[in-house]
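Visitor: Sequence and predicted structure are below.
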Amino acid sequence: MIIGVPKEIKNNENRVALTPAGVTEFRKHGHIVYVQTEAGKSSGFSDEQYTQAGATILSTIEEVYGIAEMIIKVKEPIESEYALIKDDQLLFTYFHFASSEPLTHAMIDRRAVCLAYETVEKTDRSLPLLVPMSEVAGRMAVQEGAKYLEKPMGGFGILLGGVAGVKPANVLVLGGGIVGTQSAKMAAGLGANVTIVDISLARLRYLEDIMPANVDTVMSNEYNIRELVKSANLIIGGVLIPGAKAPSLITRDMLKLMKPGTVMVDVAIDQGGCFETSKATTHENPIYEVDGVVHYCVANMPGAVPYTSTLALTNATLPYALQLANLGWKDACSKNEELRKGLNVVNGKVVFKGVSDAWNLPYTDVKELF
Ligand SMILES: NC(=O)c1ccc[n+]([C@@H]2O[C@H](COP(=O)([O-])OP(=O)(O)OC[C@H]3O[C@@H](n4cnc5c(N)ncnc54)[C@H](O)[C@@H]3O)[C@@H](O)[C@H]2O)c1
């Protein structure tokens, strides 16, 4: 199969969908890989590294879309790319169709085969191509939190781990899923006192077993959260109710209970945020203050660490991309249910219920494609 890797052109997107190591794997299976010049530059991969791995470098995005049977990307195509997409071309990338009607219509009109990273699903209902970004964001939340706790950055001026004779900081983690677990591990590793709250008792039981001694678990409810915020220095929001807006676990009136200079990192901001006072921010302007409490609400946290994020993402996507290339999308999706769940829009038909519901479009059962 002919694979194309365009350079990401969405604002501030520094990741790339295929590394030189991925090129080597595709070449081993007899596929041909075209990479747009400088596609990997912001992630730390040069054109030379891609060439050495066996790819051919193309100078324009038009050439990449023009030649490829499968396009592997990170973010959804933006408007300037729509016209480049060909009938029956396979696009393997994050799409998030339910949040963009114009994108959905454009992909229907282009009659492309759109396989969305975010809906590839394992039999245990986990989302293997979203997990790596939650891992990155969860770990990064502690790093960012520690930075903004510094006095010159607007924070309380406390070191997460304390020192001999001085107590460490208190870190409250809301949600004990992927983000929360990674945050708790990082904060505990730095020596902070960590409390994780979750509504799932089974999850708390598991975390209690595997976490170090400086991590406590507490049932999530308004009463407990109201108590915990009083002593917290850093609060990390990582709750998720699949398919719904995140619940506002920290209400505006709770800010008055906190110490001035408390830092709140709302990782769940991409689902609306789990603090009432959250609004999405960017890496250029990541924080703002409400009632003396510093809010960090960057919606694409992994974008700031493209080297790590690219490797984490491609470690997860490559096995699926290889299956698609080896078998063709139809055969691969008919054999592998995980991949089949990734099909959203195929040759003009919407085959993912959530997308047809979101935009009131006719729905075609994915099974009718095979
Ligand atoms: N900002 C970013 O850059 C970025 C990056 C990656 C992920 N995210 C977001 O982070 C959020 C968390 O992702 P995840 O992968 O950890 O999800 P997850 O499903 O693994 O974990 C969510 C956890 O929240 C818990 N929960 C639900 N309601 C709760 C409540 N009322 N109180 C306490 N806990 C509750 C669940 O039981 C679950 O354990 C998602 O919204 C995800 O989209 C953001």
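Guide: Yep, that arrived.

Visitor: I'd like the next helix or strand past the lengthiest helix in the chain.
Guide: What stands out as the longest helix in the chain, according to DSSP state H, is helix 306-327. Going down the chain from helix 306-327, the next helix or strand is helix 329-335, by DSSP states H and E.

Visitor: Need the phi and psi values for the closest residue to the ligand within the chain.
Guide: Nearest to the ligand, among the residues of the chain, is Gly177, at 1.7 Å (CB to the nearest ligand atom). Placement of C-beta: from N, CA and C, glycine included. Gly177 adopts backbone torsions of phi -90, psi -140, taken as degrees, to the nearest 10.

Visitor: quick one: the longest helix of the chain to chain centroid distance?
Guide: 14 Å (CA atoms, centre = their mean, to the nearest Å).

Visitor: Is the residue most central in space within the chain within a helix or a strand, and which one?
Guide: In the chain, the centroid-proximal residue (CA atoms, centre = their mean) is Met133; its distance is 3.7 Å. Element membership for Met133, per DSSP H and E: helix 131-148.

Visitor: That helix and the ligand, any residue contact?
Guide: Yes - interface with the ligand: helix 131-148 contributes Met133, Ser134, Ala137 (CB under 6 Å from any ligand atom).

Visitor: Spit out the contact partners of the first one.
Guide: Meaning Met133. Under the criterion of CB atoms under 8 Å, 6 or more residues apart in numbering, the neighbours of Met133 are Pro302, Ser309, Ala312, Leu313.

Visitor: check contacts around the closest residue in space to the last one that isn't next to it in sequence.
Guide: In this case it means Leu313. Nearest residue to Leu313 in three dimensions, chain neighbours excluded: Pro132, at 5.4 Å (CB to CB, 6 or more residues apart in numbering). With contact taken as CB under 8 Å, 6+ apart, Pro132 is in contact with Ser309, Ala312, Leu313, Asn315, Ala316.

Visitor: what does the stretch 1-150 of the chain put close to the ligand?
Guide: Met133, Ser134, Ala137.

Visitor: let's see it at 8 Å
Guide: Residues of the stretch 1-150 of the chain found near the ligand (CB under 8 Å from any ligand atom) are Leu127, Leu130, Val131, Met133, Ser134, Val136, Ala137, Gly138.

Visitor: The fifth one against Val179, yeah?
Guide: If I follow you right, that is Ser134. Yes - between Ser134 and Val179 there is a contact under CB atoms under 8 Å: 4.9 Å.

Visitor: Spell out which residues are contacts of both of those two.
Guide: Contacts common to Ser134 and Val179, judged by CB under 8 Å, 6+ apart, are Gly238.

Visitor: Tell me which of these two has more neighbours.
Guide: Val179 (29 against 22; other CB atoms under 10 Å).

Visitor: helices or strands next to the helix or strand that one falls within in the packing?
Guide: Counting by DSSP H and E, the element that carries Val179 is helix 178-189. Applying 3 or more CB pairs under 8 Å, 6 or more residues apart in numbering; DSSP states H and E, we find helix 178-189 packed against helix 131-148, strand 170-174, strand 193-198, strand 234-237.
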